[in-house]
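> Structural data only, the sequence is not supplied:
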């Protein structure tokens, strides 16, 4: 019996999202009740259970992209392996936190807009690494075929969503402080990151199952539907 690739990918994504939801629920129960009382269940716990789950998903993404690079010989996937490899190492070894703290002390960063010097140091590290990876991806994109370019555009959008959750809500948490509002930002930040990585893992699996074939970038479909809807809505009677 032949199984539809879309059904397989959707099932895989639903399993990942179900696990994401379970970790979010465990965090809420742990923070708001006495049923668990174990910081390892907290989403923002360094090397906690939820974070280790993220490590596994990022590892899956890197391995899947490595298989895709081998199968398609597309150089741009080597750049994406570096991106997700860095994300995995950064989460596990706290690279941007440690280097950011050193930079903030070395360069004497001040407090700015409610952000601590170490927060500005972390932003500096993230910007520098992001620029280097962007150059590597740009070279691969320029030399890639249409499918590799389409897939890269989708991955750029997904990485943008991941960065939004990881930076924007982290900064909001630092501004709000450790209180009920701050915990909501923690859930939005870490829960959003978990969900985004799950979508990336499913997307990478779909690419591999399709042999690297990627049609027009996925973001173009809703954009085209929006434009079409606007034209119909405002068309002259």
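Here it is on my side, so go on. All figures in this text were calculated on a predicted structure; none of them were measured in a lab.

> Okay, now the unreliable bits of this structure?
The chain contains residues with pLDDT under 70 at 1-3, 114, 216-237.

> redo that, cut-off 90
1-9, 31-39, 43-47, 73-75, 87, 89-130, 134, 143-146, 163-189, 210-237 (pLDDT under 90).

> quick one, longest helix in it?
Determined from DSSP state H, the single longest helix within the chain is helix 180-209.

> Residue 154 and residue 80, how far apart?
11 Å (CB to CB, to the nearest Å). All C-beta atoms are positioned from the backbone trio N, CA, C, and that covers glycine.

> Neighbour count: those two, which is higher?
Ranked by neighbour count (other CB atoms under 10 Å), residue 154 and residue 80 place residue 80 first, with 28 against 18.

> Just to be sure, the more buried one is in a helix?
Yes. Under DSSP: H, G, I helix; E, B strand; the rest coil, residue 80 sits within a helix.

> and the closest residue to it other than its chain neighbours, what helix or strand is that in?
Leaving aside its sequence neighbours, residue 80 sits nearest to residue 65 (CB to CB, 6 or more residues apart in numbering; 5.1 Å). Here residue 65 sits within helix 49-72, counting by DSSP states H and E.

> same question, residue 11
Counting by DSSP H and E, residue 11 is found in helix 5-32.

> The helix or strand where residue 102 lies - contacts with which helices or strands?
If you go by DSSP H and E, residue 102 is part of helix 95-107. In terms of contacts (3 or more CB pairs under 8 Å, 6 or more residues apart in numbering; DSSP states H and E), helix 95-107 is packed against helix 76-93, helix 117-143.

> Which of those helices has the highest mean neighbour count?
helix 76-93 (a mean of 20; mean count of other CB atoms under 10 Å).

> can you give me the angle that helix makes with helix 180-209?
150 degrees (axes from the mean of the first three to the mean of the last three CA atoms, to 10 degrees).

> ok now helix 76-93, how far from the chain's centre?
In terms of CA atoms, centre = their mean, to the nearest Å, the centre of helix 76-93 is found 11 Å from the chain centre.

> Would you mind giving the helices and strands packed on helix 95-107 as CSV with distance to residue 206 added?
CSV is the format used below for the helices and strands packed on helix 95-107 (distance: least, CB to CB, whole Å):
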stretch, distance to residue 206
helix 76-93, 14
helix 117-143, 20
